[in-house]
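Novice: sequence and predicted structure are below.
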Amino acid sequence: MSDLQRMVYASRATFAPSRQGSGIELEVARILMQSRRNNPRSGLVGALYYGNGCFFQCLEGEAAAIDELCARIAMDPRHRDMQVLGRHPIGARSFSVWAMKYVPNASAVQALMTRHGRKEFDPYTFDEALIAAMLDLLRQGMDADLLQQDANGQRAGGDRVPPAGTAVPAAGGRRRAALLLGLALAAVAVVAALLLR
Ligand SMILES: Cc1cc2nc3c(=O)[nH]c(=O)nc-3n(C[C@H](O)[C@H](O)[C@H](O)COP(=O)(O)O)c2cc1C
């Protein structure tokens with residue numbers, strides 16, 4: 001029998017925020033890479049938010065897999081003060097296509113805080129209603145990788161963007177187009193040579 005659960009926790013980052021523009025923190029990108037590599041193997045999905053020096057993470061999957069991952073995450077020196085905000089049985093995973101979705105929409109989160117009478121993002125003070133609203137925001141928000149694709153027309157490079165574990169199609173597509181163009185030109189040359197004989 002399945003024992004699906006959703007667990008939500010808050011924690012505080014131990015690394016200092018880097019000041020390199022508006023991209024994703026390097027340390028957060030590394031966490032996402034690990035999550036997206038590991039979670040599918042244990043049937044885990046979820047979402048992560050990082051803001052105001054705090055993490056808010058939702059994990060969905062079999063209870064044993066959540067326990068196993070949480071034990072690992074709790075030992076991670078990149079954060080501290082891990083506090084479980086909620087853990088409940090669920091009928092189905094709500095982040096089913098996301099090994100670990102990352103929604104870097106600070107202004108939407110700030111608007112949510114304001115609607116709930118909060119000055120800043122402090123997940124330790126969240127009540128049930130705010131946890132549910134935050135999860136809805138993460139479900140509806142756009143993942144960081146998709147945002148990058150939308151802004152640039154293709155996936156951006158650089159070390160501040162977490163790869164989602166998918167291949168980058170742009171370079172392969174360009175090579176294929178050049179090959180097809182070469183073949184077409186060769187065919188035209190052959191036809192022209194035959195006609196001019
Ligand atoms: C806030 C936070 C969230 C994390 N979430 C995950 C996660 O969902 N899945 C995961 O595999 N590791 C996660 N990690 C990283 C783990 O603590 C650990 O470093 C990682 O699982 C080790 O994986 P590796 O042995 O493949 O490098 C998280 C770390 C932090 C600080």
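Specialist: Received it, and whenever you're ready, just let me know what you need.

Novice: C-alpha from now on. contacts and neighbour counts both.
Specialist: Fine.

Novice: what count of nearby residues applies to L138?
Specialist: Using other C-alpha atoms under 10 Å, L138 has 24 other residues around it.

Novice: ok, and what's touching the one helix or strand it maps to?
Specialist: Assigned by DSSP states H and E, L138 belongs to helix 128-140. If you take C-alpha atoms under 8 Å, 6 or more residues apart in numbering as the criterion, helix 128-140 is touched by A47, C58, S94, F95, K101, Y102, V103, A108, V109, L112, H116.

Novice: what's the longest helix along the chain packed up against?
Specialist: Counting by DSSP state H, the longest helix found in the chain is helix 169-196. Taking 3 or more C-alpha pairs under 8 Å, 6 or more residues apart in numbering; DSSP states H and E as the contact definition, helix 169-196 has no neighbouring helices or strands.

Novice: mind listing what's buried along that helix?
Specialist: By neighbour count with 16 or more other C-alpha atoms under 10 Å, helix 169-196 contains no buried residues.

Novice: ok, back up a step: now, the contacts of helix 128-140 that are in strands?
Specialist: Using DSSP state E, the members of the contacts of helix 128-140 that fall in strands are A47, C58, K101, Y102.

Novice: reformat those residues as TSV; add pLDDT and neighbour count.
Specialist: Formatted as TSV, the ones in strands among the contacts of helix 128-140 follow (pLDDT from 0 to 100; neighbours: other C-alpha atoms under 10 Å):
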residue	pLDDT	neighbour count
A47	98	23
C58	98	24
K101	97	27
Y102	97	26
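
Novice: need the max-distance pair from those residues.
Specialist: The largest separation in the ones in strands among the contacts of helix 128-140, counting by C-alpha to C-alpha, is between C58 and Y102 at 10.8 Å.

Novice: shared neighbours of these two, anything?
Specialist: Common contacts of C58 and Y102 (C-alpha under 8 Å, 6+ apart): A47, L48.

Novice: burial count for V8?
Specialist: Look at V8: counted by other C-alpha under 10 Å, it has 20 neighbours.

Novice: which positions in the protein make contact with the ligand?
Specialist: With C-alpha under 6 Å from any ligand atom as the criterion, the chain meets the ligand at residues I31, Q34, S35, N38, N39, F55, R72, I73, D76, R78, H79.
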